[in-house]
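Participant: this one's sequence-less:
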C-alpha cells in the first residue's frame, strides 16, 4: 500500500511537470542594441489619387501691333531670354512723328487762341462792370472764350494720341521670359492688330489636370494637392481651383494647381504627376535615412527582441517629405535601425565575435 501511494505521487508530479512545460514562456525584456532604433507603427496618413497633368505658364502672351508701319528691327529670336521692358519689335516711325509734330503745332495755335479769348473776356467784363458796353458783347466774348478752351482741350488730347502712336512703334516685353515664336520678319509691313511675337514666363507656373466626376467632390472638399517630381520630391500646390462645370463629352472636371513661386525645374508643356488628397488612411512609414539601397532592392535593418539584427527587404511606396511609405516587409510593433551604417557595423562586430 505505501508503494502504491508513492507511485501515484510520482506520476502526479510527472503529469504536472508535463503540463507546465507545454505553456509558452513569458517574453523577456527586449535587449537594446548599441544604436538608435525606431518603433514602427501605423500612422494616419493622407489617402491620395494621382493623375497626369500638364504644366502651363501663367504669364504667356502674343504681342500685337497697335499702329501701322514697317518692321525695322527684331532684336530677339525664338528661345532667347528677354528681360521685362526690353525692345522686342521696332517699326519705322516717320508717319507717326509727323503726326505728333502736327498735333504740337495745333496745340500751340489753340493755346494762343485761348489766351487771346481770355484776355478779351477780362477786358469786356471790366467795361461791362463800368457800364461802358452792352451785356450782349460780354455774352459774345464769353462764348468765344469757352470755344477756345474747348479747342485747347481737343488739341491736348490729339497730342496725347499722336504721342502714343509714336510710342506704339516700339514694342517692349511686358515681363521677363522666353520668346517662343516670331510672327513677322524685318521689312514686313504690319497693320494694327496683327500678331508680332509670342512669349511666356518661366517664373510662375501652374498644372492643369482632368479628374473624373466621381472624385471631384472629395477634391473640392479637401483642396490639397501636390506635384510629384521625377526625383521623388513633392511640391505642394499653393492653391487648388476646381472648375465649376464638367466637359459634356467626357464628364470630367478640370482642376488647376497654382504652384508656389520657387524653382521647380518644370517646363511649360510637359506632363507631371499630380496627387490629390481624398481622405485619410493608416499607413506604415519609415524615415528615408533608414533605408538601405542594394541595386534595385531597398531594405532596412530590423532589430528583434533579443537584440539581433537582420537586413530585410521592403517594398516602398510613395515618398512624403523625409518619410517613405512601406507597402510590404514590415509590421506594426517591429523596430528598425535609425542609422543603417551603425547597424551594419554592429552586425559585423557580432559576427566577428562569434567566429572568434
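Facilitator: All right, it came through fine. Remember, it's a predicted structure, so these values are computed and weren't measured experimentally.

Participant: can I assume residue 41 is in contact with residue 333?
Facilitator: Yes - with contacts counted by CB atoms under 8 Å, residue 41 reaches residue 333, the gap being 7.2 Å. No exception for glycine: its C-beta is placed from N, CA and C like everyone else's.

Participant: ok, residue 223 to residue 151 distance?
Facilitator: 59 Å (CB to CB, to the nearest Å).

Participant: neighbour count winner among these two?
Facilitator: residue 151 (18 against 14; other CB atoms under 10 Å).

Participant: right, and the more buried one touches residue 114 too?
Facilitator: Yes - with contact defined as CB under 8 Å, residue 151 counts as touching residue 114 (7.1 Å).

Participant: gap between residue 354 and residue 337?
Facilitator: Distance of residue 354 to residue 337, given as CB to CB: 19 Å.

Participant: so what are the domain limits for the protein?
Facilitator: 37-43+284-355, 50-58+201-281, 65-92+169-200, 93-167 (automatic domain parsing).

Participant: so how far is the second one off the chain centroid?
Facilitator: Once both centres are worked out by CA atoms, centre = their mean, to the nearest Å, domain 50-58+201-281 turns out to sit 9 Å from its chain's centre.

Participant: average pLDDT for that domain?
Facilitator: Averaging pLDDT along domain 50-58+201-281 yields 89.

Participant: do the same with the first one
Facilitator: Regarding domain 37-43+284-355, the rounded mean pLDDT is 81.

Participant: what about it, start to end distance?
Facilitator: 26 Å (CA to CA, to the nearest Å).

Participant: quick one, what contacts residue 79?
Facilitator: 178-180 (CB atoms under 8 Å, 6 or more residues apart in numbering).

Participant: whoops, residue 134 was the one
Facilitator: residue 128.

Participant: quick one: residue 184 and residue 88 touch, right?
Facilitator: No - taking contacts as CB under 8 Å, residue 184 lies outside contact range of residue 88: 10.9 Å.

Participant: pull up the overlap in contacts between the two.
Facilitator: With CB under 8 Å, 6+ apart, residue 184 and residue 88 have common neighbours 74, 196-197.

Participant: so residue 124, which state does it fall into?
Facilitator: helix (DSSP: H, G, I helix; E, B strand; the rest coil).

Participant: do you know how far the closest residue to it other than its chain neighbours is from residue 150?
Facilitator: Closest residue to residue 124 apart from its sequence neighbours, by CB to CB, 6 or more residues apart in numbering: residue 141 at 4.6 Å. Shown here: residue 141 relative to residue 150, a distance of 15 Å by CB to CB.

Participant: what's the longest strand in this structure?
Facilitator: strand 43-57 (DSSP state E).

Participant: and it, which strands flank it?
Facilitator: Here strand 43-57 is paired, per DSSP bridges, with strand 205-212 (antiparallel), strand 271-283 (antiparallel).

Participant: which one of those lies closest to residue 67?
Facilitator: Judged by CB to CB, the one of the strands paired with strand 43-57 that comes nearest to residue 67 is strand 205-212, at 33.2 Å.
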